[in-house]
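Engineer: coords please:
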Amino acid sequence: MTGMGGSAGTAGSGGPDDVTGVLGSLAVSSSVAAPPAEPDGPPRGLGVSVPAADADAKTQGTFPYAADLWAEGLLWAAVLRSPHPHARILSVDTRTAAAMPGVHAVVTHADVPGDPAHGRRVADRPVFASDLVRHHGEPIAAVAADHPDTARLAAAAIAVEYEVLEPVTDPEQAFAAEPLHPDGNLIRHIPLSFGDPGITGEVIVEGLYRIGRQDPAPIGAEAALAVPRPDGGVEIYTASTDPHADRDMAAACFALEPERVKIVVTGVPGAMGDREDSGVQLPLGLLALRTGHPVKLAATREESFLSHAHRHPTLLRYRHHADAEGKLVKVEAQILMDAGAYADSSGDVLAAAVAFACGPYVVPHAFVEGWAVRTNNPPSGHVRGEGAMQVCAAYEGQMDKLAAKLGLDPAELRMRNIMATGDLLPTGQTVTCPAPVAELLGAVRDFPLPSLPDDEEWPLPGGPEGAGEPSAVRRGVGYGVGMVHMLGAEGADEVSTATVKVSGSVATVICAAVETGQGFSTLARQIVQDVLGVTDVHIAPIDTDQPPCGPAAHGRHTWVSGGAVERAARMVRTQLLQPLAAQFGMSTELLTIADGRITSYDGVLSTTVAEALDGKELWATAQCRPHPTEPLDETGQGDAFVGIAFCAVRAVVDVDVELGSVRVVEMAVAQDVGRVLNPAQAQTRIEAGITQGVGAALTENLRTNAGHLRRPDFAGYALPTSLDTPDIRIVKLVEERDVVAPFGAKAISAVPVVTSPAAVASAVRAATGRPVNRLPIRPQAAVAAGV
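Structural biologist: Below you'll find the model as predicted:
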């Protein structure tokens, strides 16, 4: 941790510059503040259910999203995308489009002044396809016009001559296929070796599993506004979840210094993965620089599906060895991940999948091979629980098979193998964080099962108008136990910086940690209220003039950004209390701050924070950086993760074994949370994760046909609705604090997503006797054996 601070009249006088946009007319500030205090004081501080900091603005419709922005002289953009998944571009003729009335500019790959390729992890993705198209929907050109309809018509008028090529859509064929990219088709290969390969078990079960392409499906599609700057640079207003990475990527493509590109973060209308797609930001920036006008694009739902990354479709082959008592002896696995056309985060996702391939179980011998390969399918990338979700569905399927073969209760088999603190991962890393996995599994196992309804009141699978008969409905109970890593992995520098200012009775937090719906802006407010005892806490708007805080993923902002806010607030607290402590001859530890008042242990001192400030402004800046990690070596060994969170889910389902329709009745959840910082938000995040997992289990699969997306809309892509959401029972939240984490808290949102699809599949197996080896579960897989 590092930090600095100051007050009025010192070297730190006035604090850091205010964060504002260059265009006052844009009104994109997403600053949020605590609501006015009630007479007796609203709940505040850590550990209580403080209302979301942005709840009022969102409820009133004043919260600023990029799709709502406007600027003087605004132009509208449209992007021409390839209708083919694989093709050679023979020519691109933009003359007709450029000559249309109202069109201000048309840009293609030839107009990219800097690096033609970009990527968050690997720079292998072109801004515009130049010679080859590698996936359906890849950008070819972009248009700026004075009306959105004109822009779309002009984009459609661009004449592209293609030589259509045979697409590679089967990842198993990618190994032998002609290279789809100069870097080849293999993105990463991890051969994990742990223990003795010659060991075998008395009981062996094998399985082949397939996981589909889940889409993050944000409720708000991609949108952005690019505004040229007087210095020849550009500002991009968008819902970025990693603004500094987006800034650096854009600067490289625009051949500009990073300080001449500014990303201003607007409201984020949903983020289950990386936002925004670079296929929106980069063409907009080029068009703004070319035209000298602000340029805006708001994607349609089809464009959204075509542009952003999806969960990696995965093929998994497993062989589990156990002794006669059900104790695991060895796990062998092969994991093949379809990265789509470009690498993106596939190397990181594969590392998580390989490392967690055996699940939260003690496995003395493990041999796992993982590959991530390029195909002509839509690009895959970071989606909540990536890597861990795919393998959880597979290893839990194996545990069900093993239990059936041994004649054991599935929960009992899991309990005999469960991991605890001090055990080893197959990567050789010791689990040093709290790992109360047995307690979690025991809690959901022992929770009372829902009662069976009468036939007249039974909501049948398939909905209220379902064609099924109650006599064909079978109830099943299944389990899922899963794990995710927190923060980045394999040597990622997980640092975050925050500044806290106090003036009068108002505190301001300046931190580039993006609020994506995970509750960070509310948490930051709670932290400052807890440390400084002030009620009014403002969260400054976020842009890249602030120090970087990294991506909003893997619970990192609760850990590193929350830690930075706490440390900065404590430094301000020390500045505030030291003069008073010196005046009264006592240490600062004998002074407390609560409800805006400073009091001493003996009651001699009692004053308000505003009086103690006496017109001064205090501020401090601090960083938080967790302990370092290391990349996995050539045998898959290494201390790759900062921390791990665990979850157990018991699913109860009703299955019409004649029609194959499934209704999830109840999901009982027990989760390892470290410490609950906001009970209401914790409950909300768990419920949201379970619902997303139910979608992955039953309905969500972005289907393709020879590389073409089929029905890229919410009619063809079936998200779970309120009618599909089961009763979610949070049975237990284990608060065993992780001593190396600020506040002792763990990530909450991702691990229910990882675990719940496996639990639903397990319950369908129990109801039907079928293997259920594919997600989402097809109706034919839920028809009972022999029916």
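
Engineer: mind exporting the helix or strand containing residue 642 as PDB, just the C-alpha atoms?
Structural biologist: Per DSSP states H and E: residue 642 is located in strand 641-656. Coordinates of the C-alpha atoms in strand 641-656 are reproduced here as PDB (Å, rounded to 0.1, in the frame of the first residue of the first chain):
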ATOM      1  CA  PHE A 641      -4.500 -17.300  -7.700                       C
ATOM      2  CA  VAL A 642      -4.900 -14.700  -5.000                       C
ATOM      3  CA  GLY A 643      -8.000 -16.200  -3.400                       C
ATOM      4  CA  ILE A 644     -10.900 -18.600  -4.000                       C
ATOM      5  CA  ALA A 645     -14.600 -18.400  -3.200                       C
ATOM      6  CA  PHE A 646     -16.900 -21.500  -2.900                       C
ATOM      7  CA  CYS A 647     -20.600 -22.200  -3.200                       C
ATOM      8  CA  ALA A 648     -22.900 -25.200  -2.800                       C
ATOM      9  CA  VAL A 649     -26.300 -25.400  -4.400                       C
ATOM     10  CA  ARG A 650     -29.100 -28.000  -4.100                       C
ATOM     11  CA  ALA A 651     -31.600 -27.900  -7.000                       C
ATOM     12  CA  VAL A 652     -35.100 -29.300  -6.900                       C
ATOM     13  CA  VAL A 653     -36.700 -29.800 -10.400                       C
ATOM     14  CA  ASP A 654     -39.900 -31.200 -11.800                       C
ATOM     15  CA  VAL A 655     -39.500 -33.000 -15.100                       C
ATOM     16  CA  ASP A 656     -42.100 -34.100 -17.500                       C
END
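
Engineer: Could I get the buried residue list for it?
Structural biologist: 641-656 (16 or more other Cβ atoms under 10 Å). To be clear about C-beta, it is placed using only N, CA and C from the backbone, and glycine gets the same treatment.

Engineer: residues in contact with the residue nearest to residue 520 when sequence neighbours are not counted?
Structural biologist: The shortest distance from residue 520 to any non-neighbouring residue, by Cβ to Cβ, 6 or more residues apart in numbering, is to residue 557 (4.6 Å). Counting by Cβ atoms under 8 Å, 6 or more residues apart in numbering, residue 557 touches 496, 513-514, 518, 520, 523, 549.

Engineer: All the strands of the stretch 451-600 of the chain, in order from the start?
Structural biologist: Assigned by DSSP state E, counting those that start in this stretch, the strands in the stretch 451-600 of the chain fall at 473-489, 496-503, 506-510, 536-539, 591-594, 597-600.

Engineer: got the end-to-end distance for stretch 126-145?
Structural biologist: End-to-end span of stretch 126-145 (Cα to Cα, to the nearest Å): 23 Å.

Engineer: low-confidence ranges in the stretch 251-400 of the chain?
Structural biologist: Scanning the stretch 251-400 of the chain for pLDDT under 70 picks out 273-277.

Engineer: the strands in it, which residues?
Structural biologist: Along the stretch 251-400 of the chain, counting by DSSP E, counting those that start in this stretch, strands occupy 261-265, 295-298, 314-322, 328-340, 365-374.

Engineer: Tell me, how many residues neighbour residue 600?
Structural biologist: 16 (other Cβ atoms under 10 Å).

Engineer: scratch that, residue 570
Structural biologist: Neighbours around residue 570, by other Cβ under 10 Å: 17.

Engineer: One more: the one 3 residues further on?
Structural biologist: Here the neighbour count serves as a burial measure; for residue 573 (other Cβ under 10 Å) it reads 22.

Engineer: Show the contacting residues for it.
Structural biologist: Contacts of residue 573 by Cβ under 8 Å, 6+ apart are 531-532, 588, 593.

Engineer: do the same with residue 107
Structural biologist: Contacts of residue 107 by Cβ under 8 Å, 6+ apart are 128, 141-142, 283, 286-287, 290.

Engineer: Out of the residues you listed, list just those in helices.
Structural biologist: 283, 286-287, 290 (DSSP state H).

Engineer: Quick one: the residues you listed as a markdown table, columns for neighbour count and distance to residue 74 too.
Structural biologist: Output for these, formatted as a markdown table (neighbours: other Cβ atoms under 10 Å; distance: Cβ to Cβ, whole Å):
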| residue | neighbour count | distance to residue 74 |
| --- | --- | --- |
| 283 | 30 | 16 |
| 286 | 28 | 16 |
| 287 | 30 | 12 |
| 290 | 17 | 15 |
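
Engineer: now these as a markdown table including distance to residue 578?
Structural biologist: Putting the ones in helices among the contacts of residue 107 into a markdown table (distance: Cβ to Cβ, whole Å) gives the following:
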| residue | distance to residue 578 |
| --- | --- |
| 283 | 53 |
| 286 | 52 |
| 287 | 53 |
| 290 | 55 |
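
Engineer: what are the ranges of the helices in the stretch 601-750 of the chain?
Structural biologist: Remark: helices assigned in the stretch 601-750 of the chain by DSSP state H, counting those that start in this stretch are 609-613, 679-698, 750-768.

Engineer: right, and residue 397 touches residue 771 too?
Structural biologist: Yes. In this structure, residue 397 is within contact of residue 771 by Cβ atoms under 8 Å, at 7.4 Å.

Engineer: Settle it for me: which of the two has more neighbours?
Structural biologist: Higher neighbour count among residue 397 and residue 771: residue 397, with 26 against 17, using other Cβ under 10 Å.

Engineer: Which of the ones in helices among the contacts of residue 107 sits closest to residue 783?
Structural biologist: residue 283 (47.7 Å; Cβ to Cβ).
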